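Participant: I would like to see how this sequence folds:
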Amino acid sequence: MQEFLSLAEFMADEAGKIIRTYFRQPFDVECKSDDSPVTRADREVEHRLCGIIARQRPEDGIHGEETGVKDSRSGYTWIFDPIDGTKQFAGGRPTFCILIALCYEGRPLMSIMDQPILGERWVGVKDRPTTFNGKIVRTRACKDLKTARLGMTSPRNLAFTETLAPLHEATQFIAWGGHAYGFAQLASGWLDVVMEKHFGPFDTVPVVPIVEGAGGIITDWSGNPPNLTGKGKVLAAGDPATHEQMLDFLRAHGEAQAAARAAGSSHRKAA
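Facilitator: Presented below is the predicted three-dimensional model:
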């Protein structure tokens with residue numbers, strides 16, 4: 001595992017060198033087929049990381065956000081998201097991060113979340129404590145949702161806008177923006193709950209060892225294991241009690257919205 005960690009840290013260092021040359025400099029932002037943004041920096045970083053693996057571990061697989069999938073012949077697969085939070089990066093905000101993870105037979109073993117502008121690095125390894133810049137970190141013991149600090153990228157993560165006001169009332173406050181960076185903030189105890197939607201494998205896999213190694217719990221919005229192969233919803237909390245309260249909130253408001261939609265449909269049919 002130390003060999004893997006050393007390689008992952010080297011790749012994070014190399015990615016950071018490239019990203020710092022582009023940060024707050026003029027460059028074009030393109031839209032991919034799914035309307036998500038991408039920059040030259042994203043592609044250059046992932047090309048560099050894939051080249052390192054091709055030379056040092058050619059039997060390993062790769063799942064990259066920009067380059068797609070290379071099948072594994074060793075059982076090991078590297079997950080790369082060169083810039084998670086491209087909108088923040090393009091907007092000159094240091095709330096994006098580099099995500100690098102390693103899986104064996106589909107199970108997350110190790111991950112790095114690196115913020116190269118602020119010099120922040122979280123490292124998660126299965127069955128080991130999560131570290132932040134080399135020091136062990138733990139989630140905050142917050143057992144009441146009313147005092148919980150919630151992180152979420154955008155209000156668009158909620159399928160029903162009517163839930164936004166109750167969510168503000170149910171928590172201490174909501175910190176918007178961050179993408180995967182929010183899960184690192186949770187691991188350090190700065191946030192208590194993080195909710196995200198449409199997270200792909202390159203987003204979800206890297207955050208699992210970091211959250212769990214810090215004592216947190218991570219599931220989908222129904223309390224099931226997070227989807228590590230496709231896009232899905234992710235809910236993490238630093239304390240099991242707060243996690244369960246958040247699940248109760250989602251169930252209650254999801255059922256209420258479903259009932260409201262059904263009532264509206266019946267009313268339209270009757271009219």
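
Participant: show residues contacting the strand or helix carrying residue 53.
Facilitator: Following DSSP states H and E, one finds residue 53 within helix 40-56. Taking CB atoms under 8 Å, 6 or more residues apart in numbering as the criterion, the residues outside helix 40-56 that touch it are 7, 10-11, 14-15, 18-19, 22, 27-28, 60, 62, 64-67, 70, 78, 80, 82-83, 86, 89, 98, 100. Bear in mind the C-beta positions are built from the backbone N, C-alpha and C, glycine included.

Participant: and the closest residue to residue 209 other than its chain neighbours, helix, strand or coil?
Facilitator: Distance criterion CB to CB, 6 or more residues apart in numbering; nearest residue to residue 209, sequence neighbours excluded, is residue 124 at 3.2 Å. Judged by DSSP: H, G, I helix; E, B strand; the rest coil, the three-state class of residue 124 is strand.

Participant: for residue 124, give the beta-bridge partners.
Facilitator: The residues listed as beta-bridge partners of residue 124 by DSSP bridges are residue 111.

Participant: ok, it touching residue 215?
Facilitator: No - Residue 124 lies out of contact with residue 215 (CB atoms under 8 Å); the separation is 11.5 Å.

Participant: comparing the two, which residue is more hemmed in?
Facilitator: residue 124 (27 against 18; other CB atoms under 10 Å).

Participant: first to last residue in stretch 69-77, what's the distance?
Facilitator: 10 Å (CA to CA, to the nearest Å).

Participant: what comes up buried for it?
Facilitator: Of the residues in stretch 69-77, 70, 72, 76, 77 count as buried by neighbour count, 16 or more other CB atoms under 10 Å.

Participant: which residues sit against that stretch?
Facilitator: So stretch 69-77 is contacted by 50, 57, 59, 60, 61, 62, 63, 102, 103, 104, 105, 106 (CB under 8 Å, 6+ apart).

Participant: same thing with stretch 127-145?
Facilitator: By CB under 8 Å, 6+ apart, stretch 127-145 touches 119-124, 148-149, 170-171, 184, 186-190, 192-193, 209-211, 213-216, 237-239, 241-242, 245-246, 249.

Participant: at 7 Å what do you get?
Facilitator: 120-124, 148, 170-171, 186-189, 192, 210, 213-216, 238-239, 241-242, 245-246, 249 (CB atoms under 7 Å, 6 or more residues apart in numbering).

Participant: could you measure from the residue sitting nearest the centre point of the chain over to residue 122?
Facilitator: Residue closest to the average C-alpha location in the chain (CA atoms, centre = their mean): residue 180, at 2.9 Å. Here residue 180 is placed at a distance of 10 Å from residue 122 (CB to CB, to the nearest Å).

Participant: what do these two both touch?
Facilitator: Joint contacts of residue 180 and residue 122 (CB under 7 Å, 6+ apart) are residue 113.

Participant: quick one on the thing from earlier: sort out for me which of the contacts of stretch 127-145 are in strands.
Facilitator: Among the contacts of stretch 127-145, the members found in strands (DSSP state E) are 120, 121, 122, 123, 124.

Participant: ok, how many other residues are close to the first one?
Facilitator: Using other CB under 10 Å, the number of residues around residue 120 comes to 17.
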